[in-house]
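Undergrad: Predicted model and sequence follow; I will ask about them next.
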Amino acid sequence: MPNLSTYTTSTVYKKYRNRNTHIVSKYTIEYIIPTLNGITKTKKMTSLTSNNKNVDDNIHKKRIVVVGRGMIGSSLYKYLCKDDNKQLEIFCIGPNETKGKANIFGAWYDEGRITRCSDPNITWATLAKSSIEQYRAIENESNIKFYHEVGHLVVGSKNQVHMKNVFDVVEKNNLKDTEKILSLEELKQRYPYANLNTKDNSPVGLLEKKRSGHISPRKFVEAQCKIGQLQNNKSTIINKKVIAIRPDKNDKNKWCIEAVNNENSNDIDNDNIDIFKIGDIDHIVIAAGAWMNFRPLLYNNLKQRIFINIQLMCTQVSKFEISIEEAKQFDNMPSLIYKDLLSFWAYVLPPIMYPDKKVYMKIGGGYFDTPQKELKTENDVIKWYQSKGDQDLHSKITTFFYQLFPNVKVLSSHSDSCITCHTKTKQLFIGPICNNTMSVACGGNGYAAKSADAIGKLASDMVLKNVLNCNNAWDDECIKKFKPEIGIVQKN
């Protein structure tokens, strides 16, 4: 295969400029995609279709597209690519990590996310366990390291139902290498740098010694995408932002996607913006996180626009910079979840080196008397991400941080923002929304990062059974509890 980086924009347009329309055969996909990132603004629409009748007429390939390239989307893409069926064309479309004033963001733009098996919800605990068991294999296959097995500690009052649920899940899932810590004195002995007492002076803890710690979402996404490409050299990752999905004009049972370069996405109504188009799609899986309900993306069996019933909630993140020397006192620190139901809850990451080569301790959480704010519109989401968080809550978290680690020397503190997608059932939404041609995978409820690989596998299995076997695999018992809740978008 030629070096894709050598194909310039001018080369592509020179090669196809004599055609009446920019219709590119499926055999030019891998050459065209990399060149579109730098196209000069034009009023033309570049299309990617597979309706070239002169090539391989005897082979009908199924085209599957994953919309969303975060932790769930990249996992979905990997497992679709791992299928050995040669009649599949797999695409994953979503922008690279953005910086500056671009109006698209992702919760995976991060270096530290807790991973553990002791979630008090049995479904999420099971998904997490399945994912964590694959981490080392993913690292080995991709040659990208993202998992730090430093253990995990959850602390709360012995009088809380939360801690009882944690202990119950450990027993139900038969988790090995765990240890109960049943007194404040023992907590002090193990973690002398931390004040883990609760308001009622009755803290207890559960320490997971193995299969837990923290992961880098950035590197996880990179690893999953790399494996997908290694597994299927006909698969394609497209670094663009989807602005619309519409029924294909040539076949009402198929779909067409319109997308733009992310640097142009602030100005998509401009006639000079180049729009990239993929048509002839047999199945689309939408895993776009907080962006699921914005723009025309989702449809029901009648091809009416719909929305997924999820709530987008503001999540405050604070990072505290410390020196490399200061970080040494935290050498035995596991990832931590602290819940004192009388006041505050928090998740805390041990010191992590970030891309700016500085060391930070990250903490997220809030006071129970301060409810999370809901985001209703796309503009709300963009403003929240660009705001870098709630400064008042950052100030409160800073106070709590110093209560938790009273002797730490902080060089600087930084407020940041994130978003979690919640469902009424507190479960995932995985399943079809339009016959066998469109499905969704969303609704992480703040728990999905550690479970993303298993979520991707679950969604991939359902899609492949449906698309390849043309049967109603969505009726499987394992998927019924994840059935998406939808509503019809009302026309203005």
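TA: Right, received. Where do you want to start?

Undergrad: Could you pull up the mean pLDDT of the helix or strand residue 170 falls within?
TA: Per DSSP states H and E: residue 170 is located in helix 161-172. The average pLDDT within helix 161-172 is 89.

Undergrad: Which residues does it contact?
TA: 118-122, 125, 154, 156-157, 175, 178, 180, 204, 206, 339, 341 (Cβ atoms under 8 Å, 6 or more residues apart in numbering). Every residue, glycine included, has its C-beta placed from N, CA and C.

Undergrad: Could you point out which of these is nearest to residue 216?
TA: When the contacts of helix 161-172 are ranked by distance to residue 216 (Cβ to Cβ), residue 119 comes first, at 20.1 Å.

Undergrad: And the closest one, how close does it get to residue 166?
TA: Per Cβ to Cβ, to the nearest Å, residue 119 is found 8 Å from residue 166.

Undergrad: same check, this time on residue 428
TA: Going from residue 428 to residue 166 by Cβ to Cβ gives 21 Å.

Undergrad: Report pLDDT for the closest residue to residue 129 other than its chain neighbours.
TA: Distances taken as Cβ to Cβ, 6 or more residues apart in numbering place residue 117 nearest to residue 129, at 4.6 Å, with adjacent residues excluded. Residue 117 carries a pLDDT value of 93.

Undergrad: Against residue 253, how distant is residue 117?
TA: Relative to residue 253, and taking Cβ to Cβ, residue 117 is found at 42 Å.

Undergrad: and the two? which has more neighbours close in?
TA: residue 117 (27 against 11; other Cβ atoms under 10 Å).

Undergrad: What subset of the contacts of helix 161-172 is buried?
TA: Neighbour-count burial (16 or more other Cβ atoms under 10 Å) applied to these gives 118-120, 125, 154, 156-157, 175, 178, 204, 206, 339, 341.

Undergrad: Which members of those are the farthest-apart pair?
TA: 175 and 341 (23.5 Å).

Undergrad: which residues does residue 122 contact?
TA: Counting by Cβ under 8 Å, 6+ apart, residue 122 has contacts 169, 172, 173.

Undergrad: Give the buried subset of those residues as a ChimeraX selection command.
TA: Applying 16+ other Cβ under 10 Å to these, the buried members can be selected in ChimeraX as follows:
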select :169,173
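
Undergrad: With distance to residue 304 as added columns, please give the contacts of residue 122 in CSV.
TA: Shown next, in CSV, are the contacts of residue 122 (distance: Cβ to Cβ, whole Å):
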residue, distance to residue 304
169, 40
172, 42
173, 41
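
Undergrad: Which of the contacts of residue 122 sits closest to residue 309?
TA: Using Cβ to Cβ, residue 169 is the member of the contacts of residue 122 that lies nearest residue 309, at 26.9 Å.

Undergrad: can you give me the helices for the chain?
TA: With helices called from DSSP state H, the chain shows them at 9-16, 29-32, 71-82, 122-132, 135-142, 161-172, 184-190, 217-231, 324-327, 378-387, 391-404, 452-469, 477-480.

Undergrad: among those helices, which is nearest residue 422?
TA: Of all the helices of the chain, it is helix 122-132 that lies closest to residue 422, at 13.0 Å by Cβ to Cβ.

Undergrad: With the flanking residues excluded, which residue is spatially nearest to residue 82?
TA: Nearest residue to residue 82, sequence neighbours excluded (Cβ to Cβ, 6+ apart): residue 231, at 5.1 Å.

Undergrad: any idea how far that neighbour is from residue 439?
TA: Applying Cβ to Cβ to residue 231 and residue 439 gives a distance of 21 Å.

Undergrad: Those two: which is more packed in?
TA: Neighbour totals were compared for residue 231 and residue 439, and residue 439 leads with 24 against 18 (other Cβ under 10 Å).

Undergrad: Verify the contact between the more buried one and residue 460 for me.
TA: No. Using Cβ atoms under 8 Å, residue 439 is not in contact with residue 460, being 10.6 Å away.

Undergrad: pLDDT weak spots in the stretch 1-150 of the chain?
TA: For the stretch 1-150 of the chain, applying pLDDT under 70 flags the ranges 1-60, 100-102.

Undergrad: for it, what spans make up the strands?
TA: 23-24, 45-48, 62-67, 88-93, 113-115, 147-148 (DSSP state E, counting those that start in this stretch).

Undergrad: Can you say which of these is nearest to residue 198?
TA: Nearest of those to residue 198, taken as Cβ to Cβ: strand 113-115 at 19.8 Å.

Undergrad: Check which helices and strands the closest one sits against.
TA: Using 3 or more Cβ pairs under 8 Å, 6 or more residues apart in numbering; DSSP states H and E, the elements in contact with strand 113-115 are helix 122-132, strand 213-215, strand 335-339.

Undergrad: Okay, buried residues for it please.
TA: For strand 113-115, burial by neighbour count (16+ other Cβ under 10 Å) applies to 113, 114, 115.

Undergrad: Need the per-residue pLDDT for residue 256.
TA: 96.

Undergrad: Please verify my assumption that it contacts residue 247.
TA: Yes. In this structure residue 256 lies within contact range of residue 247 using Cβ under 8 Å: 7.2 Å.

Undergrad: before we move on, back to that, closest one of the buried residues of strand 113-115 to residue 213?
TA: Among those, and counting by Cβ to Cβ, the member closest to residue 213 is residue 115, at 6.1 Å.

Undergrad: And the closest one, how close does it get to residue 237?
TA: Residue 115 sits at a distance of 25 Å from residue 237 (criterion: Cβ to Cβ).
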